[in-house]
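**Student:** Structure of the sequence below:
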Amino acid sequence: MARMSGLRHPRPWLLLAASVALAAFAVPSVSMAASHPAAARPGASAAHKASYQGTAFGNLDCNGHSPVQHPIKIGGYICAEVHGGTHNGHLEDNGYYIGHDEPLVQFYSNKPGSSSNLSYVQTLPRDPKALPTVHGPLKDTTHFFELMPALWYAMALCDPNSYPLLPCKPDSDSNTPHGNYPGGGSAFLEVQFYPPGFAPFADGLSCDNSHWCAALTIDSLECQAGFGVCNNNCVEPINFAFIQTNGVPTGPASPQKANLNTVTPNQRTLLMNPGDKLAIHIFDNKSAGALETQVRDLTTGKTGFMLASAKNGFMNTSIADCSGTPFNFRPEYSTASTANQGGWAAGNIDVSYEVGHFTPCTKLKVFQPIDVHGHPDASWNFCTGPYENTGPPDGSPGSGETNDAPCFPAGDTHGSLNADPNLVTGCTGGDLDYDGTSYWRNWPSSNTPNTWPSALTITPPVTGGSGYSQMQFLTDNPATNIKCNTQTGAGCVVPPTQAPGKFYPYWTLAKVSGTCVWEFGQMTNGKSFGGDKQYGKFTTALGLPELASKIIPNPHC
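**Tutor:** Numbers count the residues shown, from 1 in each chain. The predicted structure is shown next:
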């Protein structure tokens, strides 16, 4: 990308649905990047011009930029970050950088099965009893959906039709990259958990106003080795299915056949209450021949699960024409060794928060009359209010973002989607100027809710009855920070220097009710590893500008 005074052009956020396809529906362009059409760049997708013969709506590109298919979800999906590419380590999707802010802890083990069979215990946070307010930073009651749209548990999966388009053997370290071998074809699993308060999921962040829900998502990458040639019609196809009490997806799971039912919960969707304690098991179900995710709600006794199987409608994607083939996804590796970091996603066994996707507003500007589904579901482009007032205006050189879309008012029920009314006025677009709630001290500070939610807690992962021997803190914030010089590392810090709140959330390891757990936010009840200093130093070793700590022995409480 062109550079000026060490700064990159503003770039779009991953959760946005800005694409050429949206123009036909008069949905606002929410791009935060100067457009660099892929066809104008050397090495773009000229080799893959085959016409697509599938549906007009679907999940061929979870970033929402496919020129041949409209995205189902108006805000796009929370997609796997692509590490590598030809633009300072970035991959551009149809001319748009597709990065996002993702602080995580990654775990390592040389034990066989540590990359294909693991468990966590998670306790969901409780929101304050009072509804969210918009008085201004550090003055507000804040709910969890204002801090992050999703938390997820990751695993690299075998997919020979995904980058680098080479055969892979499930559950095998024969897929490990080494020397000139880029590794076996890989997809990336994210078992995502969504907080309540800003429904519906098809347009917003939540399943409803009262419950958490979860989904099994699998991203593939339709690019050849070296990232020089991708099929721009389906750069990052996604398989999506909610965790269900009967294991049956709400709609077609595949990128090619997904529809509005796919992203609409039904009576069999596992709904979890704030405060519930969950046992999460992610494993290769060898009898079924596919990866399975189970979530047991230890508080209510309910169980949900999902198999990433051809029988459930999962498909992998052909780079030639974006067509799908029924496919059983299975783990990529046997061990979670430091060499097995997932190929293009540069991740494997990790827990990640997606941050930087909500800005509370007092008013909205630039009205848009319909959504991508044709519903009379109004959204807006711009947020006004005390949070926006803390930084430079959108579109200015110091902002890093052109708008905040999509935005919805408090009480919005999203037309015919029969959603619970949104609890507060706000925008879910990419917060590249860092003025939203993710970058203020609105994060949990206690294990009981106060002005902010209580902490979400996660036990360290266990595989075969054993813990993981090593871990590492990482964040890819430098890739989305316009003040970061990705050549020299200058300005690549958290909190970003331009963030008005001067805060970046961090991980804490603490003993809660006798159990050692990971927390996230601004907790001080355990080991905080230096707070935001835990993310370490600037590096491009993983193929993307990041901050990364040293790999350390897995700590204990």
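**Student:** all contacts plus neighbour counts: C-alpha atoms, from now on.
**Tutor:** Will do.
**Student:** Name the residues linked to the residue lying closest to Asn117 once chain neighbours are set aside by a beta bridge.
**Tutor:** Leaving aside its sequence neighbours, Asn117 sits nearest to Phe283 (C-alpha to C-alpha, 6 or more residues apart in numbering; 4.1 Å). For Phe283, the beta-bridge partners are Asn117, Glu292 (DSSP bridges).
**Student:** From Asp350, how far off is Phe283?
**Tutor:** Distance, Phe283 to Asp350, using C-alpha to C-alpha, to the nearest Å: 14 Å.
**Student:** Pro71 against Cys62, yeah?
**Tutor:** Yes: counting by C-alpha atoms under 8 Å, Pro71 does reach Cys62; the two are 7.4 Å apart.
**Student:** Would you mark the buried spots in stretch 539-557?
**Tutor:** For stretch 539-557, the neighbour count (16 or more other C-alpha atoms under 10 Å) marks 539-540, 542-549 as buried.
**Student:** The spatially most central residue of the chain in helix, strand or coil?
**Tutor:** In the chain, the residue lying closest to the centroid (C-alpha atoms, centre = their mean) is Ile78, at 3.4 Å. The three-state label given to Ile78 by DSSP: H, G, I helix; E, B strand; the rest coil is coil.
**Student:** Can you read off the pLDDT for it?
**Tutor:** Per-residue pLDDT puts Ile78 at 86.
**Student:** check contacts around the nearest residue to Asn209 once chain neighbours are set aside.
**Tutor:** Closest residue to Asn209 apart from its sequence neighbours, by C-alpha to C-alpha, 6+ apart: Gly197 at 4.1 Å. For Gly197, the contact set (C-alpha atoms under 8 Å, 6 or more residues apart in numbering) comprises 143, 145, 205-206, 208-210, 422-423.
**Student:** hmm, back to that, what's the farthest-apart pair in the buried residues of stretch 539-557?
**Tutor:** Gly543 and Ser549 (15.5 Å; C-alpha to C-alpha).
**Student:** need the contact list for the residue lying closest to Pro167 once chain neighbours are set aside.
**Tutor:** Using C-alpha to C-alpha, 6+ apart and skipping residues adjacent in sequence, the residue nearest Pro167 is Pro160, 4.8 Å away. Applying C-alpha under 8 Å, 6+ apart to Pro160 gives the contacts 166-168, 184-186.
**Student:** how much space is there between Pro160 and Ala202?
**Tutor:** Distance from Pro160 to Ala202, counting by C-alpha to C-alpha: 30 Å.
**Student:** same check, this time on Pro496
**Tutor:** Distance from Pro496 to Ala202, by C-alpha to C-alpha: 31 Å.
**Student:** just to revisit the earlier point, per-residue confidence for the residue nearest to Pro167?
**Tutor:** The predicted local confidence for Pro160 is 98.
**Student:** Ok, Ala21 next?
**Tutor:** 28.
**Student:** can you check Ala154 too?
**Tutor:** Ala154 carries a pLDDT value of 98.
**Student:** so Val494 is in which element?
**Tutor:** For Val494, there is no host helix or strand (DSSP states H and E).
**Student:** Quick one: neighbours of the nearest residue to Lys311 once chain neighbours are set aside, just the number.
**Tutor:** Nearest residue to Lys311, sequence neighbours excluded (C-alpha to C-alpha, 6+ apart): Pro326, at 7.8 Å. Per other C-alpha atoms under 10 Å, the neighbour tally for Pro326 reads 15.
**Student:** how far away is Pro326 from His65?
**Tutor:** On the measure of C-alpha to C-alpha, Pro326 and His65 end up 24 Å apart.
**Student:** ok, what's across the strand from Thr508?
**Tutor:** Glu519.
**Student:** could you point out where the stretch 1-150 of the chain is predicted with low confidence?
**Tutor:** The model of the stretch 1-150 of the chain has pLDDT under 70 over residues 1-51, 86-89.
**Student:** Show me where it has its helices.
**Tutor:** For the stretch 1-150 of the chain, no helices are identified by DSSP state H, counting those that start in this stretch.
**Student:** What segments of it are strands?
**Tutor:** Secondary structure of the stretch 1-150 of the chain (DSSP state E, counting those that start in this stretch): strands at 3-4, 7-8, 57-58, 70-71, 92-93, 96-97, 104-108, 117-123, 150-158.
**Student:** And the stretch 301-450 of the chain, by the same measure?
**Tutor:** 303-307, 315-317, 324-326, 330-331, 350-354, 359-360, 363-368, 379-384, 407-408, 426-427.
**Student:** Go through those and name the closest to Thr123.
**Tutor:** Proximity to Thr123 (C-alpha to C-alpha) singles out strand 350-354 among those, at 14.1 Å.
**Student:** If you count contacts, what does that closest one end up packed against?
**Tutor:** Under the contact criterion of 3 or more C-alpha pairs under 8 Å, 6 or more residues apart in numbering; DSSP states H and E, strand 350-354 touches strand 104-108, strand 150-158.
**Student:** Tell me how far Met304 lies from Asp412.
**Tutor:** Met isn't right for residue 304; it's Gly. With distances taken as C-alpha to C-alpha, Gly304 is found 29 Å from Asp412.
**Student:** Could you list the low-pLDDT ranges of the stretch 251-400 of the chain?
**Tutor:** In the stretch 251-400 of the chain (pLDDT under 70), the answer is 370-377.
**Student:** at 80 what do you get?
**Tutor:** 342, 368-378 (pLDDT under 80).
**Student:** quick one, helices of it?
**Tutor:** Taking DSSP H, counting those that start in this stretch as the criterion, the stretch 251-400 of the chain carries no helices.
**Student:** Show me what counts as buried in stretch 241-256.
**Tutor:** Neighbour-count burial for stretch 241-256 flags 241-245, 247-256 (criterion: 16+ other C-alpha under 10 Å).
**Student:** Asp435 against Gly501, yeah?
**Tutor:** Yes: in terms of C-alpha under 8 Å, Asp435 counts as a neighbour of Gly501; the distance is 7.1 Å.
**Student:** which one of these two has more residues nearby?
**Tutor:** More crowded of Asp435 and Gly501, by other C-alpha under 10 Å: Asp435, with 27 against 23.
**Student:** got a list of what that one touches?
**Tutor:** Counting by C-alpha under 8 Å, 6+ apart, Asp435 has contacts 359, 387-388, 390-391, 499-501.
**Student:** Recalculate using a threshold of 7 Å.
**Tutor:** Asp435 is in contact with 387-388, 390-391, 499-500, counting by C-alpha atoms under 7 Å, 6 or more residues apart in numbering.
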